[in-house]
Every structure is written in structure tokens, then in C-alpha cells.
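1. predicted structure and sequence below. I'll ask about it afterward.
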Amino acid sequence: MSVTVIDASAIAAVVFDEPEGAPVIASVGDALIAPSLLRYELASVCATKLQREPGRAQLILSRYRLLAKLDIELAEPDWDALPVLARQWAISAYDAAYLQLALARKAPLVTLDARLAKAYDQAQKISRR
């Protein structure tokens, strides 16, 4: 079965019903997989939204709870590879977890993060050689 790696930026857009969410939904058709840190990152996004928009707390929390209903396999990345990938591609170790998983699974990566998308595209070109 083929999988698609999806990062926190893409899932946040869907969960929190942001304008970028519709293209994300349209771009995934396979089973979804993400590093286990996805839940931490989405909790952080939710906390930031609660801080910025306290009057919408109930809606934000109800949208956040949708994450549990999404069918996303959570996987552990190759932790030893993360610092190397982060340094190689000038991305955070968090983003390196998504990149490492996509490369290891030979899977497409759905992200709204331009720096991560660029790293993925460049790494894909190198791995095809």
C-alpha cells in the first residue's frame, strides 16, 4: 500500500479549517503517515491559536479534537538521522522527521512549509541519481 507523509502545517490547515486546507485535502489520496511528533506540533498550534484568539477557544478546541478522528499512522523517525538531515537541508529537526520518513518510505510529502518542501524536492532529486 502506498502512503503519503503529511506534516503539521498541512494537517493544521485542515483541522483548523484554514483556506489552505482545501488544496491539502485534494492532494492526498493514499494512506497518511506522520512522525509521532505530529500530535505535539498540533497541540502547540492549538495553544498558539488559543492565546491569540481567546474568544474562539471553544471552536478552536473542538477543531483540535478532530485530529483524533483522522486516520493517520504515527511512526517513529530514525532519530539518529534527524540532526544530519536538519543540518544538510538547513531545516529544523522537527521538519527533518517528516523528511526522513518520506525518504525512507519513498513517499510523497505534503507540506505547506516552503523550506521543507524545497528540502524534500532537492533530496528527491539526489536520491533518483
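-> It's in.
2. list the contacts for Lys106?
-> Contacts for Lys106 (CB atoms under 8 Å, 6 or more residues apart in numbering) come out as none. Heads up, the C-betas are built off the backbone N, CA and C, glycines and all.
3. against Leu66, how distant is it?
-> Lys106 sits at a distance of 29 Å from Leu66 (criterion: CB to CB, to the nearest Å).
4. before we move on, what about Glu20?
-> Separation of Glu20 from Leu66 (CB to CB): 16 Å.
5. now swap in Arg87 and tell me
-> Distance, Arg87 to Leu66, using CB to CB: 35 Å.
6. more neighbours, those two?
-> Taking neighbours as other CB atoms under 10 Å, Arg87 and Leu66 compare with Leu66 leading, 14 against 11.
7. I figured that one hits Ala12, correct?
-> No. Taking contacts as CB atoms under 8 Å, Leu66 lies outside contact range of Ala12: 11.0 Å.
8. give the buried residues for stretch 87-98.
-> Buried positions in stretch 87-98, judged by neighbour count with 16 or more other CB atoms under 10 Å: Trp89, Ile91, Tyr94, Asp95, Ala96, Ala97, Tyr98.
9. likewise for stretch 107-126?
-> For stretch 107-126, a neighbour-count test (16+ other CB under 10 Å) marks Ala107, Pro108, Leu109, Val110, Thr111, Leu112, Asp113, Leu116, Ala117, Ala119, Tyr120, Ala123 as buried.
10. name the next helix or strand following the helix or strand of the chain with the lowest mean pLDDT along the chain.
-> For the chain, using mean pLDDT, DSSP states H and E, the weakest element among its helices and strands is helix 21-27, scoring a mean of 88. For helix 21-27, the following helix or strand on the C-terminal side (DSSP states H and E) is strand 31-35.
11. mind listing what that following strand pairs with, with the direction of each?
-> Strand pairing for strand 31-35, determined by DSSP bridges: strand 3-6 (parallel), strand 72-75 (parallel).
12. ok, and what's touching the first one?
-> I take that to be strand 3-6. Strand 3-6 has contacts (CB under 8 Å, 6+ apart) with 24, 28-34, 72-73, 98, 101-102, 105, 107-111.
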